[in-house]
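Novice: Attaching a predicted model along with its sequence, questions to come.
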Amino acid sequence: MRWPPPISLCHLLLVLLVVICSLPGSFSLRLVTLDTVEIFTTHEWFSSKPTVYFRCNGENKTYLPDMKEKNMLYAFKGEESWQPLTELPEKKCKRCGLYEEDAFRPDVFDEWELCSSDFKDGKYTHFKEGQFNATFLCPNCTASSGDSGAHERSSEVAKKTSVLVIIIVSVLASVIVIIALFGGYKYWQKKRRERDQARFLKLLEEGDDIEDELGLGNEL
């Protein structure tokens with residue numbers, strides 16, 4: 001009877017990763033995207049079309065290539081090549097800002113602390129008088145409006161997800177152990193058969209040698 005080829009450990013780990021990533025809330029990335037923005041002024045004297053970018057401390061610049069005019073509302077889908085703008089931690093803010101590129105030093109529209117708790121229903125609006133008005137989206141960010149019911153529901157879902165992940169990991173770990181034990185048992189059986197065959201062939205060779213010796217003695 002031919003046994004099917006054993007499932008490799010890499011395949012099992014791949015299945016585990018896919019299952020965990022498919023669970024809702026298992027990896028809640030707090031990705032911030034730009035929904036709308038309108039600038040009220042520009043800082044360059046000789047350039048009619050400003051170069052605007054968003055940046056958080058320690059991160060790369062995210063240029064907003066479509067923004068070329070002031071006093072015009074720009075709306076985005078969140079699917080643009082330069083989105084998302086950044087990713088927020090759960091309980092820590094980032095120092096971010098909107099800037100206009102300059103030949104010598106960047107001109108600042110505004111700099112502020114961008115926090116996950118600023119978002120209400122996944123939306124946050126930042127307004128700087130005389131500079132700009134922008135709306136940001138972050139569906140997985142926590143609202144700061146004291147919605148304890150929503151927070152409790154979120155915590156309950158997170159706990160259920162954690163329990164489910166633990167169960168799945170335990171089951172897959174058990175399967176891996178069973179497959180490893182089965183593979184070890186089959187390997188031991190194979191080695192034992194090889195040793196028995198080698199012992200049997202050795203006995204046959206010794207028997208042939210004895211028969212040759214007996215035959216030679218009878219002839220004498």
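Specialist: Here it is on my side, so go on. Residues are numbered from 1 along each chain as shown.
Novice: all strands of the protein, in order?
Specialist: Using DSSP state E, the strands of the chain run over 31-39, 52-56, 62-63, 74-75, 86-87, 94-100, 107-114, 123-128, 132-137.
Novice: tell me what the third one is packed against?
Specialist: Strand 62-63 is packed against strand 52-56, with contacts defined by 3 or more Cβ pairs under 8 Å, 6 or more residues apart in numbering; DSSP states H and E. C-beta: built from backbone N, CA, C; applies to glycine.
Novice: May I have the strand it packs on exported as CSV, CA atoms only?
Specialist: C-alpha atoms of strand 52-56 as CSV (Å, rounded to 0.1, in the frame of the first residue of the first chain):
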residue,chain,number,x,y,z
VAL,A,52,2.4,69.7,-1.8
TYR,A,53,3.3,66.6,0.3
PHE,A,54,2.4,64.9,3.5
ARG,A,55,5.0,63.6,5.9
CYS,A,56,5.2,62.1,9.4
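Novice: what does it rub up against?
Specialist: Applying Cβ atoms under 8 Å, 6 or more residues apart in numbering, the contact partners of strand 52-56 are 34, 39, 61-64, 67, 85-86, 94-101, 109, 114.
Novice: now with 10 Å?
Specialist: Contacting residues not belonging to strand 52-56 are listed as 32, 34, 37, 39, 42, 60-68, 70, 74, 82, 85-88, 93-101, 106-107, 109, 111, 114, 132, 134, 136 [Cβ atoms under 10 Å, 6 or more residues apart in numbering].
Novice: Return the set of residues that bridge with Lys128.
Specialist: Counting by DSSP bridges, Lys128 is bridged to Phe132.
Novice: That one: neighbouring residues, count only.
Specialist: Counted with other Cβ atoms under 10 Å, the neighbours of Lys128 add up to 17.
Novice: ok, it to Gly97 distance?
Specialist: To Gly97, Lys128 is 10 Å away according to Cβ to Cβ, to the nearest Å.
Novice: Return every residue with contacts to both of these two.
Specialist: The contact sets of Lys128 and Gly97 overlap at 108-112 (Cβ under 10 Å, 6+ apart).
Novice: Would you check that Gln131 makes contact with Thr41?
Specialist: Yes. Applying Cβ atoms under 10 Å, one finds Gln131 in contact with Thr41, separated by 6.4 Å.
Novice: re earlier: columns distance to Glu194 on top of the strands of the chain, output as JSON lines?
Specialist: Putting the strands of the chain into JSON lines (distance: least, Cβ to Cβ, whole Å) gives the following:
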{"stretch": "strand 31-39", "distance to Glu194": "57"}
{"stretch": "strand 52-56", "distance to Glu194": "64"}
{"stretch": "strand 62-63", "distance to Glu194": "64"}
{"stretch": "strand 74-75", "distance to Glu194": "73"}
{"stretch": "strand 86-87", "distance to Glu194": "56"}
{"stretch": "strand 94-100", "distance to Glu194": "64"}
{"stretch": "strand 107-114", "distance to Glu194": "67"}
{"stretch": "strand 123-128", "distance to Glu194": "70"}
{"stretch": "strand 132-137", "distance to Glu194": "65"}
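Novice: possible to save those strands as TSV with mean pLDDT and distance to Ala180?
Specialist: Formatted as TSV, the strands of the chain follow (pLDDT from 0 to 100; distance: least, Cβ to Cβ, whole Å):
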stretch	mean pLDDT	distance to Ala180
strand 31-39	96	39
strand 52-56	96	46
strand 62-63	96	47
strand 74-75	95	56
strand 86-87	96	38
strand 94-100	96	45
strand 107-114	95	48
strand 123-128	96	50
strand 132-137	97	47
